[in-house]
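what would the 3D arrangement of this be:
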Amino acid sequence: METEVKGQVTNGPTDKTAKVVKLVLMAKDAIKAGQDAIRKNIVSLDMAVHANAVQCLLHAEKHRDTSLFTRLLNDVLDDKTGYNRRGLIRWMHAFSPMELNGKKITLTGLDAAGNKRPFLIDKANATPFYLSLDLNQQAVKPVFQDTLLSKWDTMVREFETAWANTKQEGPKLVAIDPKKPFYNGIHSAQILNFIDKGKAMRQSISDDATREVWLNNQNLKKAEALVASETKAA
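Predicted coordinates:
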């Protein structure tokens with residue numbers, strides 16, 4: 001038995017007793033009306049999530065308990081919902097010391113200067129997470145020497161691997177083994193010269209432990225913040 005259902009989206013019968021749904025094209029105005037209803041529902045949902053998230057911040061600040069925000073992210077708005085979890089997480093980071101580690105939320109979040117982030121409840125309440133906002137200030141981090149040099153080392157290895165699989169055939173560079181990467185460019189001599197000089201300069205740069213020191217200080221501050229929060233909760 002077939003049943004015509006206008007405006008209903010279906011992936012087909014889910015069991016043997018379900019009716020087969022015959023899709024019928026709706027009028028343009030009806031489709032637009034459905035879109036308007038979707039938009040209205042999304043806005044209402046965003047507002048409800050924001051209001052609940054603010055309450056979760058208030059609860060965490062007073063009781064040093066992050067379980068409600070953890071439940072909101074992991075149980076209510078899990079990955080399967082397709083909801084804007086990333087925006088909500090950035091908002092949580094911007095206005096509280098809460099830090100998401102895996103599926104666990106701790107009160108150990110630090111700002112760019114390495115200081116514990118405070119709860120900013122009033123600002124959080126006045127700043128809906130779903131609006132287009134710059135909530136990335138907490139993500140500012142220094143760039144370290146070894147990070148830059150590791151990218152250089154990777155580039156050199158990739159080039160040398162490709163060059164080792166490259167041969168000249170007339171005016172063209174072609175692969176020795178067509179199944180592997182090869183270099184293809186008209187300035188190969190200049191590139192080779194650049195790589196050789198760069199490798200020589202690379203060897204002259206001394207090691208720098210700044211990144212390790214910075215990471216150790218960050219981890220120490222997070223540990224101190226965690227101890228302080230657990231002590232206060234007790």
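
domains for the chain, by residue range?
Listed by automatic domain parsing, the domain ranges of the chain are 47-139, 145-204.

out of these, which is closest to L23?
domain 47-139 (23.0 Å; Cβ to Cβ). Where you see a C-beta, it was placed from the backbone N, CA and C, and this is true even at glycine.

and the helices in the chain, which stretches?
Taking DSSP state H to define them, one finds helices in the chain at 28-63, 67-71, 85-95, 121-125, 145-164, 188-204, 210-233.

flag every buried residue along the first one.
Residues D46, V49, H50, A53, V54, C56, L57, A60, E61 are the ones in helix 28-63 that count as buried (16 or more other Cβ atoms under 10 Å).

mind giving me the packing neighbours of it?
Of the remaining helices and strands, those touching helix 28-63 by 3 or more Cβ pairs under 8 Å, 6 or more residues apart in numbering; DSSP states H and E are helix 67-71, helix 85-95, helix 121-125.

got the angle for that helix vs helix 85-95?
Between the axes of helix 28-63 and helix 85-95, defined by axes from the mean of the first three to the mean of the last three Cα atoms, to 10 degrees, the angle is 40 degrees.

now helix 28-63: average pLDDT?
Average pLDDT, helix 28-63: 92.

same thing with the second one?
Taken as a whole, helix 67-71 has an average pLDDT of 94.

what does that helix rub up against?
Contacts of helix 67-71 with the rest of the structure, by Cβ atoms under 8 Å, 6 or more residues apart in numbering, involve A53, Q55, C56, L57, H59, A60, M92, M98, K103, K104, I105.

and of those residues, the nearest to Q203?
K104 (43.3 Å).

where are the low-confidence patches of the protein?
Scanning the chain for pLDDT under 70 picks out the ranges 1-19, 132-141, 218, 221-234.

what residue is smack in the middle of it?
In the chain, the residue lying closest to the centroid (Cα atoms, centre = their mean) is R86, at 6.5 Å.

okay, the contacts of helix 67-71 in a markdown table with distance to L148 next?
Formatted as a markdown table, those follow (distance: Cβ to Cβ, whole Å):
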| residue | distance to L148 |
| --- | --- |
| A53 | 38 |
| Q55 | 44 |
| C56 | 39 |
| L57 | 38 |
| H59 | 43 |
| A60 | 38 |
| M92 | 31 |
| M98 | 32 |
| K103 | 33 |
| K104 | 32 |
| I105 | 33 |
